[in-house]
Structures are given as structure tokens and as C-alpha cells.
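In: output the structure for:
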Amino acid sequence: MQNRKQGTSIVWLCVICFVFGAGLIFGVQKVFIDPKQDARVAQLTADKQALTQKTKTLKQAKTSAEGSAKQAVHSSDVTTNYPQMDQQAQNLFGAMFNYDNNSYGDRHDQVAKYSSAALADTLVGTKQQIQNNEKAQRQSNMQSTLLSVNLTHNTGENQAKQLQGLALVKYSVLADGMDSNGRTATSIYAVTYNPGQQIFTQVKYLGVMAK
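Out: Numbers count the residues shown, from 1 in each chain. Modelled structure (predicted):
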């Protein structure tokens, strides 16, 4: 009889210890775990997913441009005007990315030759903005430009067709605050070209792929 009472006491003691221990663990978690932690983790996860998607989009654009550049061009408009567009792309992006301290102030006028003054304002800054930055030590070198034309767009029955495509511009830049090696990157642009005027009417920056 006494042994049975002792056994029952031990069982109840175990139950009490388990309940107390579980409550203690839960209480410690509530004390030491920041209630904002879950929200922070969720935000970091969302930021990572957004960054991954942006990188994927840029890579897809680069792959698409490289693949299209290797394919035969079937449109007669593109076939006829592509060499001219390609040369003007070299000129335009050369004006944007080939400069040193002595030629930096000429960037706006050079870019405007192959686009427009308004577009040059967007691409390299206004003349006043460039003048304000002329004292900065900087230089840049365009290494290559890959131009891919993916379609033609007719601006009107009596107007010349405009060519649209992607331009991948690889360049190196050295500026204040950088080490002697500078930085090499590839910028991606969506471009629209008017063969009649021999200028780019739209040049939209899509992103950069740092090496």
C-alpha cells in the first residue's frame, strides 16, 4: 500500500515538473525572442526575392540580346538600316562612355549629335550639371557595344520606320574614391533609332551588370 502511494506521488511529481518546465520554456521564449523578429525575417526574405528577380530579368535581357545578335535578320528594313544604326550606336555610346578630365565637359554636345539635346540631358546630365562636375577626377573607356535589333516600328504611313532593340555596353570607369583598377560593368539600354534622321529617339537605361 505504501509502495502504491509512493508510485502515485512520483507520477504526479513528474506531471507537475513537465507542466512547469513547458511553461518556463515558453516564458523564456517570450522574453528573449523579439516579437518583431518574424516581421524582420519576412521583410528580408521579400527583399531577397525582389533582388533575385531583378538580377534574373537583367540576365534574361542580356541573353536575349546576345542570342538575337547571332541570328539572321529577316526584315528588309532592319537589313538595310542595321549597319547605319550599329555605327551610330558605337558613336552614341562612345560619346557617353569615352571621356577623361579634358573631354568630360564636351559629353553633352557629343551625345546630342546622335540623339537630341533633351535626350542628352537625360543620359549624361545638362550642360550646367556637367560643368558643376568638371573638377572631379574621372575617366571612362567604352570597351564594346553589342546591338540587337528585335523588331521594327512604323511611326506612320508617310514616315520612316524606326528600329527598336537592345544595346549592351561594356565599359570601365575610374573616378574619385576608387582604387587604381576602377570598375568594369555592362549597362543595358532599350533603344529606338530613326534611320531617316540618323539619330536615336529613345534610349532607356534598363540596368547594369557589374563584373
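In: quick one: what helix or strand has residue 80 in it?
Out: Assigning secondary structure by DSSP states H and E places residue 80 in helix 76-97.
In: output the contacting helices and strands for that helix.
Out: Judged by 3 or more C-beta pairs under 8 Å, 6 or more residues apart in numbering; DSSP states H and E, helix 76-97 is in contact with helix 107-113, strand 138-154, strand 161-175, strand 183-194, strand 199-210. All C-beta atoms are positioned from the backbone trio N, CA, C, and that covers glycine.
In: per-residue pLDDT of the nearest residue in space to residue 124 that is not next to it in sequence, please?
Out: Take residue 124 and drop its neighbours on the chain: the residue closest to it by C-beta to C-beta, 6 or more residues apart in numbering is residue 107, 4.8 Å away. pLDDT, residue 107: 89.
In: next: the one 10 residues further on.
Out: The pLDDT attached to residue 117 in the predicted structure is 92.
In: tell me the contacts of it?
Out: Listed by C-beta atoms under 8 Å, 6 or more residues apart in numbering, the contact partners of residue 117 are residue 108.
In: likewise the one 3 residues further on?
Out: With contacts defined as C-beta under 8 Å, 6+ apart, the neighbours of residue 120 are 108, 109, 111, 112.
In: wait, doesn't the first one sit right on residue 125?
Out: Yes. The pair residue 108 and residue 125 qualifies as a contact (C-beta atoms under 8 Å) at a distance of 7.2 Å.
In: so for the two, which residue has more residues nearby?
Out: Between residue 108 and residue 125, residue 108 has the larger neighbour count (other C-beta atoms under 10 Å), namely 21 against 16.
In: now that one: how far from residue 170?
Out: In this structure, residue 108 and residue 170 are 23 Å apart, going by C-beta to C-beta, to the nearest Å.
In: that older thread, residue 189: which of the contacts of residue 120 is nearest?
Out: Ranked by distance to residue 189 (C-beta to C-beta), the contacts of residue 120 are led by residue 111 at 12.6 Å.
In: please report the distance of that closest one from residue 182.
Out: Distance from residue 111 to residue 182, by C-beta to C-beta: 21 Å.
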